[in-house]
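K.L.:
Give me coordinates for this.
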Amino acid sequence: MPLTFAGKGKFKVNRINGGNIVKNRLAKMGIIEGSYIRVSNAHHGGPVVVQLQDAQYGIGIGVASKIDVTPIS
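P.N.:
Take a look at the predicted model:
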């Protein structure tokens, strides 16, 4: 499911459906295929706030829609 529909919780990044620019920008944040993220704030139509290790990032809805995730428990 796209990150934009994920809601709050922990997720595994399965695939990033974007070009090299998007993938490189996310990789600089530590968001790569196979990584784990926590969504702390997700408003429909607004940025998705994710936590990765000790950092927190706001990802715009356009980029978030290109990140395919699976919920984990």
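
K.L.:
Buried residues of the helix or strand hosting residue 57, list them for me.
P.N.:
If you go by DSSP states H and E, residue 57 is part of strand 55-59. By neighbour count on 16 or more other CB atoms under 10 Å, the buried set for strand 55-59 is residue 59. From N, CA and C alone the C-beta is placed, and that goes for glycine too.

K.L.:
Repeat that for stretch 13-28.
P.N.:
Per 16+ other CB under 10 Å, stretch 13-28 contains these buried residues: 13, 16, 18, 23, 26.

K.L.:
Report the lowest-confidence entry in those.
P.N.:
The lowest pLDDT within the buried residues of stretch 13-28 belongs to residue 18, which sits at 91.

K.L.:
Let me know the distance separating that residue from residue 10.
P.N.:
Going from residue 18 to residue 10 by CB to CB, to the nearest Å gives 22 Å.

K.L.:
What of residue 66?
P.N.:
Residue 66 is 20 Å from residue 10, by CB to CB.

K.L.:
and if you look at residue 1?
P.N.:
In terms of CB to CB, residue 1 sits 14 Å off from residue 10.

K.L.:
could you point out which element follows the lowest-mean-pLDDT helix or strand in the chain?
P.N.:
Of the helices and strands making up the chain, the lowest-confidence element is strand 36-42, at a mean of 90, by mean pLDDT, DSSP states H and E. For strand 36-42, the following helix or strand on the C-terminal side (DSSP H and E) is strand 48-52.
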